[in-house]
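> Quick one: sequence plus predicted model below, questions after.
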Amino acid sequence: MSPVDPIAMRRSASADETTRVNRAWWDHEAEGYYREHGAFLGDDTLVWGPEGCSEDLLGLLGPLAGRDVLEIGGGAAQGGRWVRAQGARVVSSDLSSGMLRTGRAIDRDRGWAPMALVQCDGQVLPLADASFDIVFTAYGVLPFVADSAAVLRESARVLRPGGRLVFSCTHPIRWVFPDEPGADGLIARFSYFDRTPYVEQRADGQASYAEHHRTIGDRVREVVAAGLRVIDLVEPQWPDGHEQPWGGWSPLRGRIIPGTLVVVADKTDDRPTQPLI
Ligand SMILES: C[S@@+](CC[C@H](N)C(=O)[O-])C[C@H]1O[C@@H](n2cnc3c(N)ncnc32)[C@H](O)[C@@H]1O
């Protein structure tokens, strides 16, 4: 570790600080992220997480032909491109101009029609009410914001009645364990109930990265409070023969604990439901 490397810790991080530092982080990391994970993701494939489960296999979004679809936290819009190829009209959005630039470069280099890209924060979508049939994200936005309930409210707002939200994120149980791909990553060290954010902080006390934890119950409660009905909670299993790790996601851990949670929810009507607790 060099003296300028940030230090990982658990400490509070406000909504503004979280969004500001994560925007800078993803801008800075955009090229490196694509270099490291681009081949695994594919330029026009919707992969829900490091287990490699694709929408092609899981079919969580429902029928796509002729639908209006919004991707939030879409990064370089790989998932959006796959959805477009199924006959949907797709807008892919992301907070980071660096990630969107990577998406632009993919279209240019491949000679593909440019994706419709919007730069915005998933907590405040600059889009009209009831303008999409489907909103989705693979690991975008939700782990990287303090106010995930706002992301769900905004997603519900832009969905038409009968619409569907699907998002994947780090499985909440992962917060109990160190983010290590090896055996150390299987020793429970933290309380599942401790929602203190994970922050990487530089020597000057400024954060450079932040992630926020929600339990499964929190996630369900926030979806319900946004006026959506949970249809499924998918915990993709690590497939036999898949030996490629992704940071702390590895075959060793993936065979024992879930790494990804995919939440599927429908908008049945416009009235928010009261959470039970
Ligand atoms: C792990 S990447 C996932 C990107 C893409 N969905 C994929 O599967 O490669 C997380 C993405 O969330 C985006 N993001 C983080 N905070 C966000 C926010 N508040 N609003 C919108 N996007 C955000 C990042 O810029 C980044 O592109």
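Ah, there it is. Numbering: from 1, shown residues only.

> from here on, contacts and neighbour counts on C-alpha atoms
Will do.

> any idea where the helices of the stretch 151-277 of the chain begin and end?
The residue ranges that make up the helices of the stretch 151-277 of the chain, judged by DSSP state H, counting those that start in this stretch, are 216-225, 251-254.

> The ligand: which of those helices is closest?
Across those, the ligand has its closest neighbour in helix 216-225 (16.4 Å, C-alpha to the nearest ligand atom).

> Which elements pack onto the closest one?
helix 148-158, strand 228-234 (3 or more C-alpha pairs under 8 Å, 6 or more residues apart in numbering; DSSP states H and E).

> measure the spatially most central residue of the chain to residue 247 for me?
The residue at the geometric middle of the chain, judged as the C-alpha nearest the mean C-alpha position with C-alpha atoms, centre = their mean, is residue 139 (2.0 Å). To residue 247, residue 139 is 14 Å away according to C-alpha to C-alpha, to the nearest Å.

> count of neighbours near the nearest residue to residue 222 once chain neighbours are set aside?
Distances taken as C-alpha to C-alpha, 6 or more residues apart in numbering put residue 149 closest to residue 222, at 5.3 Å, once the chain neighbours are dropped. Around residue 149 sit 20 other residues, with neighbours defined as other C-alpha atoms under 10 Å.

> List the contacts of residue 149.
With C-alpha atoms under 8 Å, 6 or more residues apart in numbering as the criterion, the residues that contact residue 149 are 222, 223, 226.

> before we move on, what about residue 215?
So, once contact is read as C-alpha under 8 Å, 6+ apart, residue 215 ends up touching 172, 173, 192, 193.

> If you drop the residues flanking it in sequence, what lies closest to the first one?
This means residue 172. Using C-alpha to C-alpha, 6+ apart and skipping residues adjacent in sequence, the residue nearest residue 172 is residue 215, 5.4 Å away.

> Could you tell me the model confidence score at the closest residue to residue 14 other than its chain neighbours?
Take residue 14 and drop its neighbours on the chain: the residue closest to it by C-alpha to C-alpha, 6+ apart is residue 146, 6.7 Å away. Looking at residue 146, its pLDDT stands at 98.

> Can we start the residue count at 572 from this point?
Fine by me, first position is 572 from now on; the one you just mentioned is residue 717.

> how about residue 717, secondary structure?
In the three-state summary, residue 717 is assigned as coil, counting by DSSP: H, G, I helix; E, B strand; the rest coil.
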